[in-house]
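In: Prediction below, plus the sequence it came from.
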Amino acid sequence: IRRSCLGKYHPDTAQSLTALARSFHDLGFYSHAEPVISKAFQLARKSLRGEEHALIAEALYHKAENYLQMARFREAKETHDRALEIRMRLFARSHPAVADSLNGIADVQFALGDFEAAKMGYDESLSTRNAEAQLSRSIARSMHAVAKVMMVTAESLRECKRVMERALVMRKKLLGSDHADVGDSLHDLGLLNFKMGKTEQAAVLLDRALANRQGALGSRHPKVGLNLAALALVFRSMGRYTEAKDLSLDSLKIRRATAGENHLDTAESYFCLALSLKDEGFYDFPHALTTVVRARINEMDTAAKAKKDADDEERKDESQENNLEQPSVEEASDEGDQKAEGEKHSGEPSTAPSDDNYEDNAIDDNVSVGSVASITSQELNMGRGATVNEGAALTSKDQQYAVAMLRMVMETQMEYLSEDHPVVLETKAEIA
């Protein structure tokens, strides 16, 4: 309606596109959100003749948040920095939008393993938010983020638990027990209890988090995949190997469908599945699984080339658009032009398909999950070697399979993370 009445190059039209992109992001459809938020940023910049505007900073902020979920950390950091620069020029340092940007930058630093810098960013964001002198969802978010840094750095786990529980209480009071933010708190409290050696409590909390997220976000959301992987880790430590394997497979299917092959989350699920198979006695790893992982490496090269071509094309289009004069309202509201503009990126519409078939189109197990769908229990059993007693040594061939799989996982991790990142070090230890 806004595009029809006001024209394509109008701030309100750009604002609607930003809201649409945020909806895609919240639903976990990050690849759908990316072209929409990019178009929103382009339209806002054209309609406002520059970048010194809150609407442009907001579009940049959400673009950076989406990059983070897609594990495009360098782009996330650069885009967050741009949004912060604009907001600092427009608002006082105590403004909530500035705190959001500080928190976003800290999220990227946390993902990259720079926990000291992340802690400083979260603390600064929280001190800014505390100036509001009232409870808010944003304060709970910053408080929870500070506790997460404390957890991964093993800094006073008791204090960490106290802060996390305080954030959980605040979220329940402000948002209700069924809100997805409550699921985030339950999930991380479960991980914290696991880190403290309280596996039974960890399993209960992670199970509650899973139920919350499935209800609030749907069974195919990326956070559900994350939750399944965490629960598999806890079950593995409890000796519940079959359940851990099934959860790892479910997590892998969700992450391949939502995040794609070339993503850290997918690598983590492969890693968890490899450990679960080893625990169950699959020392001679099934041919089906090995083939999938090897094929993934070839797909990564193809995906990287496709992304480079798409980025080059986007820069070319942006350059051409910058040289064009702003079209009239009549031209902008032309229906054919709208359709072409909406489908410029990735050959897919920037608005949602119909409600009836959108989710099936976005995540189709038969298409997106691909060959991993063939890893059934029956096929895994076909790959099982002779029964191995506890503590028995792997054969040379078994070791080659295991090391090959874990090296492929590590290659994906090191595309994004430094060699001394805890996640990479964990994989190296398993290889050793």
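Out: Cool, got the structure.

In: list the contacts for the most centrally placed residue in the chain?
Out: Compute the mean C-alpha point of the chain, and by C-alpha atoms, centre = their mean the closest residue is residue 69, 3.1 Å away. Applying C-beta atoms under 8 Å, 6 or more residues apart in numbering to residue 69 gives the contacts 25, 30, 222. From N, CA and C alone the C-beta is placed, and that goes for glycine too.

In: wait, doesn't residue 56 sit right on residue 42?
Out: No. Between residue 56 and residue 42 there is no contact under C-beta atoms under 8 Å: 10.2 Å.

In: who's more crowded, those two?
Out: residue 56 (24 against 21; other C-beta atoms under 10 Å).

In: what's the distance between that one and residue 35?
Out: As judged by C-beta to C-beta, to the nearest Å, residue 56 and residue 35 stand 18 Å apart.

In: those helices in the stretch 201-350 of the chain, which residues are they?
Out: 222-237, 241-258, 264-279, 287-322, 329-332, 335-342 (DSSP state H, counting those that start in this stretch).

In: The shortest one - what's its average pLDDT?
Out: What it means is helix 329-332. For helix 329-332, mean pLDDT is 38.

In: starting at the chain centroid, how far to stretch 23-35?
Out: Computed by C-alpha atoms, centre = their mean, to the nearest Å, the chain-centroid distance of stretch 23-35 equals 10 Å.

In: quick one: terminal-to-terminal distance for it?
Out: One end of stretch 23-35 sits 13 Å from the other (C-alpha to C-alpha, to the nearest Å).

In: do the same with stretch 128-138
Out: For stretch 128-138, the end-to-end distance is 11 Å (C-alpha to C-alpha).

In: go on, stretch 3-15?
Out: Termini of stretch 3-15 sit 11 Å apart (C-alpha to C-alpha).

In: Please identify the buried residues of that stretch?
Out: 3, 6-11, 13-15 (16 or more other C-beta atoms under 10 Å).

In: Likewise for stretch 168-175?
Out: 168, 170-172.

In: what's next to that stretch, contact-wise?
Out: 135-137, 139-140, 143, 179, 181-182, 185-186, 189.

In: wait, what's in contact with residue 138?
Out: By C-beta under 8 Å, 6+ apart, the residues touching residue 138 are 96, 99-100, 103, 129.

In: so it is in which element?
Out: For residue 138, the enclosing helix or strand under DSSP states H and E is helix 137-152.

In: give me the low-pLDDT residue ranges for this protein?
Out: 130-134, 280-311, 313-314, 316-402, 416 (pLDDT under 70).

In: On the three-state scheme, residue 51 is what?
Out: coil (DSSP: H, G, I helix; E, B strand; the rest coil).

In: So it sits against residue 85, correct?
Out: No. The pair residue 51 / residue 85 is not scored as a contact, 9.1 Å apart, by C-beta under 8 Å.

In: okay, those two: which has more neighbours?
Out: Legend: neighbour count by other C-beta under 10 Å for residue 51 and residue 85, higher for residue 51 (17 against 14).

In: For the more buried one, give me its contacts.
Out: Residues near residue 51 by C-beta under 8 Å, 6+ apart: 45, 57, 82, 86.

In: which of the residues you listed lies closest to residue 417?
Out: residue 82 (23.4 Å; C-beta to C-beta).

In: for the closest one, what are its contacts?
Out: 51, 60 are the contacts of residue 82 under C-beta under 8 Å, 6+ apart.

In: ok, now with 6 Å
Out: Residue 82 makes contacts with residue 60, as judged by C-beta atoms under 6 Å, 6 or more residues apart in numbering.

In: Report the buried residues of the host helix or strand of it.
Out: Assigned by DSSP H and E, residue 82 falls within helix 73-90. Using 16+ other C-beta under 10 Å as the test for burial, helix 73-90 gives 73, 75-77, 79-80, 82-84, 86-88.

In: just curious, which of these is nearest to residue 251?
Out: residue 73 (21.7 Å).

In: Among the contacts of stretch 168-175, name the buried ones.
Out: Among the contacts of stretch 168-175, those buried by neighbour count (16+ other C-beta under 10 Å) are 139-140, 143, 179, 181-182, 185-186, 189.

In: would you turn these into a markdown table with distance to residue 117?
Out: Output for the buried ones among the contacts of stretch 168-175, formatted as a markdown table (distance: C-beta to C-beta, whole Å):
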| residue | distance to residue 117 |
| --- | --- |
| 139 | 21 |
| 140 | 22 |
| 143 | 18 |
| 179 | 29 |
| 181 | 24 |
| 182 | 28 |
| 185 | 24 |
| 186 | 27 |
| 189 | 24 |
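
In: now, which of those residues sits nearest residue 251?
Out: residue 186 (17.2 Å).

In: on that earlier part again, distance from the helix holding residue 82 to the middle of the chain?
Out: Chain-centre distance of helix 73-90: 19 Å, with C-alpha atoms, centre = their mean.

In: All further residue positions should be reported with the first residue as 17.
Out: Sounds good: first residue 17 from here, last item helix 89-106.

In: For residue 443, see how far away the residue nearest to residue 243 when sequence neighbours are not counted is.
Out: The shortest distance from residue 243 to any non-neighbouring residue, by C-beta to C-beta, 6 or more residues apart in numbering, is to residue 226 (4.6 Å). Using C-beta to C-beta, residue 226 is found at 25 Å from residue 443.

In: mind listing the helices for the stretch 67-216 of the chain?
Out: Listed in chain order, the helices of the stretch 67-216 of the chain (DSSP H, counting those that start in this stretch) span 70-85, 89-106, 112-127, 131-146, 153-168, 173-191, 196-211, 215-233.

In: of these, which approaches residue 289 most closely?
Out: Proximity to residue 289, assessed across these by C-beta to C-beta, is greatest for helix 215-233 (17.8 Å).

In: Tell me the buried residues in the closest one?
Out: Across helix 215-233, burial judged by 16+ other C-beta under 10 Å covers 217-219, 221-222, 224-226, 228-230, 232-233.

In: Make TSV out of the residues you listed and add distance to residue 170.
Out: Listed next are the buried residues of helix 215-233 as TSV, based on distance: C-beta to C-beta, whole Å:
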residue	distance to residue 170
217	18
218	16
219	21
221	19
222	20
224	24
225	22
226	25
228	27
229	26
230	31
232	30
233	30
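
In: Looking at those, which is nearest residue 254?
Out: Residue 254 has its nearest neighbour among those in residue 219, at 7.1 Å by C-beta to C-beta.
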